[in-house]
Structures are given as C-alpha cells and as structure tokens.
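**Q** Model the structure of this input:
(2 chains)
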Amino acid sequence: TQLLEQSPQFLSIQEGENLTVYCNSSSVFSSLQWYRQEPGEGPVLLVTVVTGGEVKKLKRLTFQFGDARKDSSLHITAAQPGDTGLYLCAGFRVADTGKLIFGQGTTLQVKP
Amino acid sequence: DSGVTQTPKHLITATGQRVTLRCSPRSGDLSVYWYQQSLDQGLQFLIQYYNGEERAKGNILERFSAQQFPDLHSELNLSSLELGDSALYFCASSVRGGTSGNEQFFGPGTRLTVL
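**A** Sure thing, here's the model as predicted:
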C-alpha cells in the first residue's frame, strides 16, 4: 500500500490542453514536494508546500496543498511538449519526519 | 547538473555477487540519502547519513549496507544480489538533516542490472 497515491499514473494530451495531477494520503504531512524526473536523470525539485491551503505558482504550473495537509495537486495550464516527463509528489509525514515518502509518479506526454 | 555525482552510471553483474555504489554530495552538504527506484515499487527511501552517522532508515534490506566517510562521500554496498535488486539507485544530498523543507538534490543515478 502506497502512503502517497498519485493519479493518474499516465496522461497523454495534446499541446495547449490543461491537466491536473493528484496526490492523496490518509496521513498528515508536514510538507509536500513535487519533483520532475527526465529519463536517465534524478528527480529535480519543483516546489515545496508547507502550509495547509497553500497555493504556489511556477509559470504555468500551480501547486496546492490541501487544508488538512493530506493531499496536494499539480495543475498545468496550456501544456507544452517540454512539460513531458515523470512528475513525482513526495512528503515528510508528521509521524515520521526523517523519511521522504514518494508517490508512484505520473508519466505525462504532451504531443505537439 | 545537481552537483551530486554517482559512479558507476551502469553496473551489470550476476546473482550472488556484491557491488559498491559511490556517491559524492554537493560541496557543503552534510547529509546523504540513498533511494531505490524500480518499476513496481517506485522511488523508495533506503537510508540517510548525516555527517558520518546514520540518521534514518527506510526499507533497506539486511543484505544492503551503507556508510559515509570523513570526506562526506558515501558508499552503498549491495551483497548476495538477486534478480529483484535490479533498479536505479539514486543518491541525494542536502545541507542539513532530512527534515521538512530541507531540499534534497539528486544525483544522476546508477542503473544496476542483475543477471
């Protein structure tokens, strides 16, 4: 059983479309992070959210932390082929702050 | 380039063998983390060292061990290898210990194939 459930696992869309990736848990997290991973490389941190209800924007990407700090979402507006990659949510549980827990990831393909 | 280096990039070995993966953290980072990424399990935290001492342990098998040396580089030792150990192994580093909000920088990984 995954502590962080990500959905969808795979997403294939056309350039210009919007999309949302969800990250859910039954546990409370002190913070949640979103990473992007390219083939053959390690994950790269995009954003960290720490306060319940927090919203952060990074150009066309909008990240939200749920009010109860159990879930998060990543919304991409007007997706571009350069957004293609593996998106991972990860977080530190309040009950176990020393270990970064990762979701299974969402593979996004944006077709031109 | 994250500043974290890992060697080797690829490793092919046989079941029952032992291998050592090496990681050099970013300059100034005291913490090193090891992760395993496989298709079925995703990215799993294995172990963390901070300034030479073990700080946190995740789903690390007893056949696996790690250490961090005085120069802060780290090695992950995998022994009695099984087919299921085939995976990508990532090292990450951070300035401080593994607590909330402390950004981890990941290396490019070592791809281990056990035949």
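**Q** what about residue A:79, is that helix, strand or coil?
**A** When classified by DSSP: H, G, I helix; E, B strand; the rest coil, residue A:79 comes out as coil.
**Q** Same question for residue A:82.
**A** Classification of residue A:82 by three-state DSSP places it in helix.
**Q** Ok, residue B:84 next?
**A** Going by three-state DSSP: residue B:84 is helix.
**Q** wait, what's in contact with it?
**A** residue B:114 (Cβ atoms under 8 Å, 6 or more residues apart in numbering or on different chains). (Glycine included, C-beta is placed from N, CA and C.)
**Q** For chain B, which residue occupies the most central location?
**A** Centroid check for chain B by Cα atoms, centre = their mean gives residue B:34 as the closest residue, at 2.9 Å.
**Q** For that one, give the beta-bridge partners.
**A** residue B:47, residue B:91 (DSSP bridges).
**Q** number of nearby residues for whichever residue of chain A sits closest to chain B?
**A** Scanning chain A for the residue nearest chain B gives residue A:42, at 3.0 Å (criterion: Cβ to the nearest Cβ). Residue A:42 has 23 neighbours, counted by other Cβ atoms under 10 Å in any protein chain shown.
**Q** On the pLDDT front, check the closest residue to it other than its chain neighbours for me.
**A** Distance criterion Cβ to Cβ, 6 or more residues apart in numbering or on different chains; nearest residue to residue A:42, sequence neighbours excluded, is residue B:106 at 3.0 Å. Looking at residue B:106, its pLDDT is 94.
**Q** Next up, the contacts around residue B:106.
**A** A:42-44, B:2, B:4, B:35, B:90-92.
**Q** Pull out the buried residues from those residues.
**A** Buried members of the contacts of residue B:106, scored by 16 or more other Cβ atoms under 10 Å in any protein chain shown, are A:42-43, B:2, B:4, B:35, B:90-92.
**Q** Out of those residues, the closest to residue A:57 would be?
**A** residue A:43 (20.4 Å; Cβ to Cβ).
**Q** Quick check, that closest one in contact with residue A:36.
**A** Yes - at 7.0 Å, residue A:43 and residue A:36 qualify as touching, with contact defined as Cβ atoms under 8 Å.
**Q** Look up how far residue B:7 lies from the residue nearest to residue A:42.
**A** To residue B:7, residue B:106 is 15 Å away according to Cβ to Cβ, to the nearest Å.
**Q** Quickly list what the residue in chain B that chain A sits nearest to is bridged to.
**A** As assessed by Cβ to the nearest Cβ, chain A sits closest to residue B:106 within chain B, at 3.0 Å. In this entry, residue B:106 is beta-bridged to residue B:92, by DSSP bridges.
**Q** In space, what's closest to residue B:21 - neighbours in sequence excluded?
**A** residue B:76 (4.5 Å).
**Q** Please consider this matter closed, and thank you.
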